[in-house]
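**Student:** sharing a model prediction with you, sequence too.
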Amino acid sequence: MEQLVNIFVKGIFTENMIFAYFLGMCSYLAVSKTVKTATGLGVAVLFVLVITLPVNYLLHRYVLAPGALGQIHPAWAETDLSFLSFILFIAVIAAMVQLVEMIIEKYSPALYNNLGIFLPLIAVNCAILGASLFMQEREYENISQVIAYALGSGLGWLLAIVSIAAIREKLSYSNIPAPMRGLGISFIITGLMGIAFMSFMGIRF
């Protein structure tokens with residue numbers, strides 16, 4: 001249990017997708033103009049991560065990993081399909097994003113219209129694919145660890161985009177020099193928040 005909590009907390013703070021690896025920056029900056037739309041996209045990313053990471057983990061472990069097909073037939077024990085990881089991971093992510101898009105369009109048309117093109121772009125959000133590749137690289141032992149990592153990473157991304165959206169809403173009332181308005185000041189604040197999140201690296205379990 002302690003290991004699961006460790007993975008979960010690290011995914012939110014010390015290994016935050018935005019502030020530690022700067023993954024998913026395009027949608028992070030484009031959709032973070034209001035807290036409402038930022039929250040909607042953040043929840044959508046969290047949902048996609050929680051669904052796709054376990055599926056990709058099972059796909060990797062029982063199909064793509066070297067020797068995985070040997071469980072089906074001994075003649076396939078030497079087969080290595082790991083070169084298909086990228087395309088299959090993206091296929092799973094795209095399918096889940098399509099499902100999320102259909103659900104949001106049906107139950108929250110206003111949010112669907114606010115998110116616009118950035119909702120289907122979750123399929124190519126590097127934070128989603130990055131999480132699957134990190135999962136593959138770190139060789140988590142079981143699906144519980146993968147789910148803990150998916151929840152932590154998703155909540156970390158949600159925390160990051162909602163935080164910057166809240167700050168950007170307040171900045172609209174601030175007297176910012178003209179050359180720094182818009183994305184300029186957003187990049188500066190993101191860098192400062194990344195430095196702040198580095199302080200969590202002192203946490204030990």
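**Tutor:** Alright, I've got the coordinates. Because the structure is a prediction, the values reported are computed rather than measured.

**Student:** list the contacts of the residue nearest to residue 77 when sequence neighbours are not counted.
**Tutor:** Using Cβ to Cβ, 6 or more residues apart in numbering and skipping residues adjacent in sequence, the residue nearest residue 77 is residue 70, 3.2 Å away. C-beta: built from backbone N, CA, C; applies to glycine. Counting by Cβ atoms under 8 Å, 6 or more residues apart in numbering, residue 70 touches 76, 77, 78, 79.

**Student:** mind checking which of those residues are buried?
**Tutor:** Buried members of these, counted by 16 or more other Cβ atoms under 10 Å: none.

**Student:** how near is the most far-flung residue of the chain relative to its centre to residue 68?
**Tutor:** The centre of the chain is farthest from one residue, residue 75, which by Cα atoms, centre = their mean lies 37.5 Å away. According to Cβ to Cβ, to the nearest Å, residue 75 stands 14 Å off from residue 68.

**Student:** buried ones in the helix or strand in which residue 57 is found?
**Tutor:** Per DSSP states H and E, residue 57 falls inside helix 35-59. For helix 35-59, the neighbour count (16+ other Cβ under 10 Å) marks 35, 37-57, 59 as buried.

**Student:** for residue 28, state which of the contacts of residue 70 is nearest.
**Tutor:** Proximity of the contacts of residue 70 to residue 28 (Cβ to Cβ) peaks at residue 79, which lies at 38.8 Å.

**Student:** just list the residues touching the residue nearest to that closest one when sequence neighbours are not counted, thanks.
**Tutor:** Spatial nearest neighbour of residue 79, chain neighbours left out: residue 69 (4.7 Å); criterion: Cβ to Cβ, 6+ apart. By Cβ under 8 Å, 6+ apart, residue 69 lies in contact with 63, 76, 77, 79, 81.

**Student:** apply 7 Å and report the result again.
**Tutor:** Each residue near residue 69 by Cβ atoms under 7 Å, 6 or more residues apart in numbering is listed here: 63, 76, 79.

**Student:** same check, this time on residue 12
**Tutor:** Applying Cβ under 7 Å, 6+ apart, we find residue 12 in contact with 152, 155, 156, 159.

**Student:** what about the first one, distance to residue 189?
**Tutor:** Distance from residue 152 to residue 189, counting by Cβ to Cβ: 23 Å.

**Student:** what mean pLDDT does the helix or strand harbouring residue 131 have?
**Tutor:** Assigned by DSSP H and E, residue 131 falls within helix 126-138. Mean pLDDT, helix 126-138: 91.
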